[in-house]
Structures are given as C-alpha cells and as structure tokens.
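Q: Got a predicted structure plus its sequence, pasted below:
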Amino acid sequence: MSAFADMSTAGHWFHPVESDPEASIRLFLLPHAGSGAIIYRDWPAMLPRDVTAQAVTLPGRHNRHEEETYEDFEPLLEGLYEAVLDELDDERPFAFFGHCLGAQLAYRLTVRLQREGERTPLVLGCSGWSPVGFYQPTEEESRLPDDEMLEWIKKLGSFPAEVYDNPEMLALVIPALRADLRVSARYVDDQAVVSCPLASYGGSTDPLQQAPDAMSHWAGRSPRYLGHSEFPGGHFYIDNHALAVTTDFTRHLHRFMDLLVH
C-alpha cells in the first residue's frame, strides 16, 4: 500500500505523518488547487530509498475536510510555514516540490524561510506555474456557479474522471477548489529571489501558461537556476510523466547532497 493511501489521521498537514528516519533527504510535496496529498500517492515507489516524501494536505479536503479552508494567501502561507518549521529535524536536508498552487506555495515558503534566517531547501522544484506569464484566477472566477466550475475543471482534467459523476465527491472538491482559487487570486508577486537551486517543470500545451516564455522567468528568481524540463501534455502533464519528473528531480537532489557532504 502507498504511504499516502491511508488518509485517516485527522488534523495533520503531512502524509505520511512520520518521515522515514533512515532516509538522508526529506522531500515535501505540495499539491495543486483543490487537491491534497493523494495526488502524489504513486511518488514514494518512484523515489530512491534515501529520499523520504511527505505530501501536504491543506485544511478543507480529504481527512481535513471538516476544517475551515484558508481563503487568503498570507494566512495560508503563515500556517504552512509554521507547520514546516515544526516538522523539520535538526540535521537532514530537505527539498520542496510543488505543482500549480503547490509551486506557488513552495516558492513563497522558500522566500519566507530565507528572510527569517532559517534553513532553505536543498533544491526547490516548481511545476505548472511561474510568477510571470501564468493565469491568475480572479475573485469573480472563484464564485462561478457549480456547473460552470465543473466544466472548467473538466477542461483542465484536474481530477479523476470518477469525481465528475459523484455528487458526494464534488461536494468536497468544489468548495476546496473555490477557496484555493481565492488564495491564488490574492497572491501579489514581489519578484523575490531565492538563493537555493531551483528547477522548473511544465507541460508543452498547458492552457494556463499565457506567455510562451513564462517558465523562463524562473531564471531571474534564483542565481542557481537549474533549467526547465518540458513534457508533452497540458496542465496535468505530471500525471503521465511522474517517473520522468521524479527521476530528474532526484538527480538534482543527489548532486547537491554530494556537494553538501563533501
């Protein structure tokens, strides 16, 4: 069974709740809008044994569906920042990888850690979002009628097909998605630069990428930019190319881990 298959523990930001103490690198995975840790359920099997992954579930979904969702960017970032600080141990290096809203949060978490004088990620991975040239939702779009919201997420292919015909699942998914869209709508970019290595990933036909060179703007956000990897597919290219993404990201992790220990 996947480490992310059991989502029964309430109130926890991270799944699994405990990291593997034998692994030398910790990897925090941040999901796209409306979703949670479950989107990374196949990743543990694709990662080497020296990388232990924990995926984030925000309030208002999955095992945390009874908790109130965040609807503003800064309070969500603050809550996640505190959760990450509480979770980190004293010695092991860690990394962030996020997709879409998850990339936005991973980037801002790194900025916040750096500004507060805390340790920063060994590598930061940002997928399906860039601070320049990507679609940013509006407050009005977050309040679309349910049928219009459903058509929008169907076009993006952002959830498994069985969700769309299941009223109970939709009743959980759509409120969480609305909240996350409002969070993203209230994000204000300040062109912050991170000092850690940064790698970006994306789909070649992502409909949310509004400028052809959008992902190239990551080069200006880190002096240690590792380049962009593009794969066939749309916004959720990552579903079909998870093995290639994890392989490439792991290559970066091992490279910088070697530099750290030597």
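A: Looks like it came in fine.

Q: pLDDT below threshold where in the stretch 151-262 of the chain?
A: The stretch 151-262 of the chain contains residues with pLDDT under 70 at 157-162.

Q: And the strands in it?
A: 198-203, 225-231 (DSSP state E, counting those that start in this stretch).

Q: phi, psi of Pro44?
A: Backbone torsions for Pro44, taken as degrees, to the nearest 10, come to phi -50, psi -40.

Q: so it makes contact with Gln54?
A: No. Pro44 is beyond contact range of Gln54, at 9.8 Å (criterion: Cβ atoms under 8 Å). Glycine gets a C-beta too; all of them are placed from N, C-alpha and C.

Q: Of those two, which one has the most company?
A: Higher neighbour count among Pro44 and Gln54: Gln54, with 24 against 21, using other Cβ atoms under 10 Å.

Q: Could you check how far the more buried one is from Phe94?
A: Counting by Cβ to Cβ, to the nearest Å, the gap from Gln54 to Phe94 is 10 Å.

Q: List the buried residues in stretch 83-95.
A: Within stretch 83-95, the residues scored as buried using 16 or more other Cβ atoms under 10 Å are 83-84, 87-88, 93-95.

Q: Looking at those residues, spot the one nearest Arg26.
A: For the buried residues of stretch 83-95, the closest approach to Arg26 (Cβ to Cβ) belongs to Phe94, at 4.1 Å.

Q: pretty sure the closest one contacts Phe28?
A: Yes. Phe94 is within contact range of Phe28, at 6.4 Å (criterion: Cβ under 8 Å).

Q: what is in contact with the two at once?
A: Applying Cβ atoms under 8 Å, 6 or more residues apart in numbering, one finds that no residue jointly contacts Phe94 and Phe28.

Q: Remind me what the helix or strand where Ala103 lies packs against, helices and strands.
A: Here Ala103 sits within helix 101-115, counting by DSSP states H and E. The elements that helix 101-115 packs onto, with contact taken as 3 or more Cβ pairs under 8 Å, 6 or more residues apart in numbering; DSSP states H and E, are strand 25-30, helix 73-87, strand 94-99, strand 124-127, helix 167-185.

Q: List the neighbouring strands of the third one plus their orientation.
A: Strand 94-99 sits in its sheet next to strand 25-30 (parallel), strand 124-127 (parallel), going by DSSP bridges.

Q: Could you single out the most deeply buried of these?
A: Ranked by mean neighbour count under mean count of other Cβ atoms under 10 Å, those are led by strand 124-127, which reaches a mean of 28.

Q: Give me the mean pLDDT for it.
A: Strand 124-127 carries an average pLDDT of 98.

Q: Quick one: residues contacting the residue nearest to Leu181 when sequence neighbours are not counted.
A: Using Cβ to Cβ, 6 or more residues apart in numbering and skipping residues adjacent in sequence, the residue nearest Leu181 is Ser142, 3.9 Å away. Contact analysis of Ser142 by Cβ under 8 Å, 6+ apart lists 178-179, 181-182, 185.
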